[in-house]
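Chemist: quick one: sequence plus predicted model below, questions after.
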Amino acid sequence: MSGPAAAGAESGPGGRASQARAAARGVVIQTAFPGDLVLTTPLIRRAAERLGTPVDVVVLPATAPLLKNNPWIRDRLPFDKRGKDRGLPGFLRMVRLLRRRHYEVAYVAQASFRSAAIAFAARVPRRIGFRAAAGALLYTHTVTPRGEPHQVERLLALADGAPDRREPELFPGPDDRAAVDALLAEAGIRGEFVVLAPGSQWGSKRWPYFAQLAGVLANEIPLAIVGGPGDRADARQIRNALGTGTPVADATGRLSLLAAAELIRRARILVSNDSAPVHLASAMSTPTVEIYGPTAPIFGFAARAPWSRIVEPDRLDCRPCHHHGPPACPLGHHRCMRELPIGRVLAEVRTLLQIVPKRYGV
């Protein structure tokens, strides 16, 4: 099918306009981190295709903007589970909202008991989730992914998979493009550039040599830096290493998530830790050099864009140590990142700069 025509406007709880609509057919529940939400977009599209209509998505308020302009989504339903919706009152508010919409099916993308309980308490007749998830007894149908598939394929299994390969997708709008235009013009960057993403919500995932890498790359191609407000210290370290007079577009804490995706879309390549920018790049088809330390590609979250490369440390008995990457190295030495030399990352970056077609103006 060509795709539903309806766009996904955000809906407040219990809005009269929403209640007046015909009963919604499907809802996807995903209240995890931004990268997880990006990897859920193929499931969202597949669910809409199967149901013949856009679906609603229960999502964190902070990550909901990532789904703007998505033609496969009807409404984004914010669930502030760490804020105003924390605890039983917030849980019941979301349950009441879902009950009023009379969904036929709920796809529970996040393997948490709370997500399963919301779908169950909302009396959604068909509730689909992972068999190994907490709260699996609350589902009517469960799925067990085979082997070690990528997270995209694991999530697609909730909707019985897809007949062809599916990739994450995001839809930056005019405001996002204008914000990136302004950022690049301010930095004096008018052609090809490389984006660096030195941050991560998990401290042990941060490769410590981005500043030194930037010092070398800046002699070969202009640079941009992407990240959230918590990544400003890493960005400052890079800027200090480059010194004044070197063009660098520092977007940390300045761009929305969709605008950051637009910046990455325009880049020749992205260099990133195993973190959310990798998934933004996958959605925008930007080749990525992904740096792994405490985690590993086998967990199913590797970059999916063509030509992407993975850089891992030499074998360590303590690695991988965690699915997400702990805040700090459990053994205190952080060898997986400290012993990963600049030369190996730089070699992959230079290889991609030679083989990846120029993207400027795309």
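Modeler: Yep, it's here.
Chemist: not counting sequence-adjacent ones, nearest residue to residue 166?
Modeler: Excluding its sequence neighbours, the residue lying closest to residue 166 (CB to CB, 6 or more residues apart in numbering) is residue 42, at 3.8 Å. (Glycine included, C-beta is placed from N, CA and C.)
Chemist: next secondary structure after the host helix or strand of the one you found?
Modeler: Take DSSP states H and E as the rule and residue 42 turns out to sit in helix 34-51. For helix 34-51, the following helix or strand on the C-terminal side (DSSP H and E) is strand 55-59.
Chemist: CA atoms only for that next one, dumped as CSV, please.
Modeler: Output of strand 55-59 as CSV, limited to C-alpha atoms (Å, rounded to 0.1, in the frame of the first residue of the first chain):
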residue,chain,number,x,y,z
VAL,A,55,-1.5,4.1,14.5
ASP,A,56,-1.2,6.0,17.8
VAL,A,57,2.1,5.8,19.7
VAL,A,58,2.5,6.1,23.5
VAL,A,59,5.8,7.9,24.0
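Chemist: and residue 195, what does it touch?
Modeler: Going by CB atoms under 8 Å, 6 or more residues apart in numbering, residue 195 touches 223, 224, 225, 226, 263, 264, 267, 269, 270, 271, 277, 286.
Chemist: list the strands paired with the host helix or strand of it, with their directions.
Modeler: Using DSSP H and E, residue 195 maps to strand 194-197. Sheet pairing here is set by DSSP bridges, and for strand 194-197 it gives strand 223-225 (parallel), strand 269-273 (parallel).
Chemist: next one: the first one to chain centre, how far?
Modeler: On the basis of CA atoms, centre = their mean, to the nearest Å, strand 223-225 sits 19 Å off its chain's mean C-alpha point.
Chemist: is it true that residue 277 lies in a helix?
Modeler: Yes - membership of residue 277 in a helix is supported by DSSP: H, G, I helix; E, B strand; the rest coil.
Chemist: now do the contacts for the nearest residue to it once chain neighbours are set aside.
Modeler: Distance criterion CB to CB, 6+ apart; nearest residue to residue 277, sequence neighbours excluded, is residue 197 at 3.7 Å. Residue 197 makes contact with 225, 226, 227, 270, 271, 272, 273, 275, 277, 278 under the criterion CB under 8 Å, 6+ apart.
Chemist: beta partners of residue 197?
Modeler: Beta-bridge partners of residue 197, counted by DSSP bridges, are residue 272.
Chemist: quick one, grab the pLDDT at it.
Modeler: pLDDT, residue 197: 97.
Chemist: mind checking how far it is from residue 288?
Modeler: Separation of residue 197 from residue 288 (CB to CB, to the nearest Å) stands at 9 Å.
Chemist: thank you, goodbye.
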